[in-house]
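> coords please:
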Amino acid sequence: MVRCLGGDHAAFEPLVSRYERVLFRVALRLTGEYEDARDATQNAFVKAFEQLHRYDGKRKFFSWLYRIAVNECLNLRRSRRPEQAMTDEFEGSNAQNGPFEAFAQVEARSRIDRAMAHLSFEYREVIVLRHFADLSYEEMAEAIGVPEKTVKSRLFSARQKLAGLLGIAGDVNDGAAKADRE
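Numbering: from 1, shown residues only. Now for the predicted structure:
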């Protein structure tokens, strides 16, 4: 970033390479559409490059870039129905599994995607950041711009809501909290 801010535009390319995949995964989960996620990811990088002079070096680059990407996702989502099912067309089935296991995985992903489509944006956002982008609570708080305590509360509520939508009995947060600590 220091080189980018100093005018070395070629130094932006390694930043794109480093964050492109995780930003795309986040955008896909937030928009629910492959093409929208591609557009949001590309637009986020273009806007970040154009607005480098606005970057505050006191914050992490990913947090700043993430906020830009979220805004792009929100703009794209406004143009379609929020209940539209999400797809994972870009993910193929695991070649090591047999056809039944592959079908079960696709079916499970589809159920999760349909349930996630019914979550509020705030709940979907914390689920995606924690479970698909693998961010820590601290990183999530910085990226979203809320206190870490709020992130934990939202994540707890989001997991409960998602479990209810999926018809999972029991306290899903006990297992998730244990996994978070490991």
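> C-alpha only now, for contacts and for neighbours.
OK.
> which residue is nearest the middle of the protein?
Centroid-nearest residue in the chain, with C-alpha atoms, centre = their mean: residue 26, separated by 2.4 Å.
> next helix or strand past the helix or strand encompassing residue 41?
Following DSSP states H and E, one finds residue 41 within helix 34-50. Later in the chain than helix 34-50, the nearest helix or strand by DSSP H and E is helix 61-77.
> neighbouring contacts of that following helix?
1, 19, 23, 27, 30-31, 36-37, 40-41, 43-45, 47-48, 55, 139, 142-144 (C-alpha atoms under 8 Å, 6 or more residues apart in numbering).
> and with 7 Å instead?
Helix 61-77 is contacted by residues 27, 30-31, 36, 40-41, 44, 48, 142-143 when judged by C-alpha atoms under 7 Å, 6 or more residues apart in numbering.
> ok, stretch 140-153 next?
Residues outside stretch 140-153 that contact it (C-alpha under 7 Å, 6+ apart): 63-64, 66-67, 129, 137-138.
> any chance of those in CSV, plus neighbour count and pLDDT?
Listed next are those as CSV, based on neighbours: other C-alpha atoms under 10 Å; pLDDT from 0 to 100:
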residue, neighbour count, pLDDT
63, 17, 84
64, 19, 88
66, 25, 88
67, 16, 86
129, 24, 85
137, 20, 92
138, 14, 88
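> from residue 65, how far out is the residue nearest to the centre of the chain?
Here residue 26 is placed at a distance of 12 Å from residue 65 (C-alpha to C-alpha, to the nearest Å).
> please apply the same query to residue 35.
Distance from residue 35 to residue 65, counting by C-alpha to C-alpha: 19 Å.
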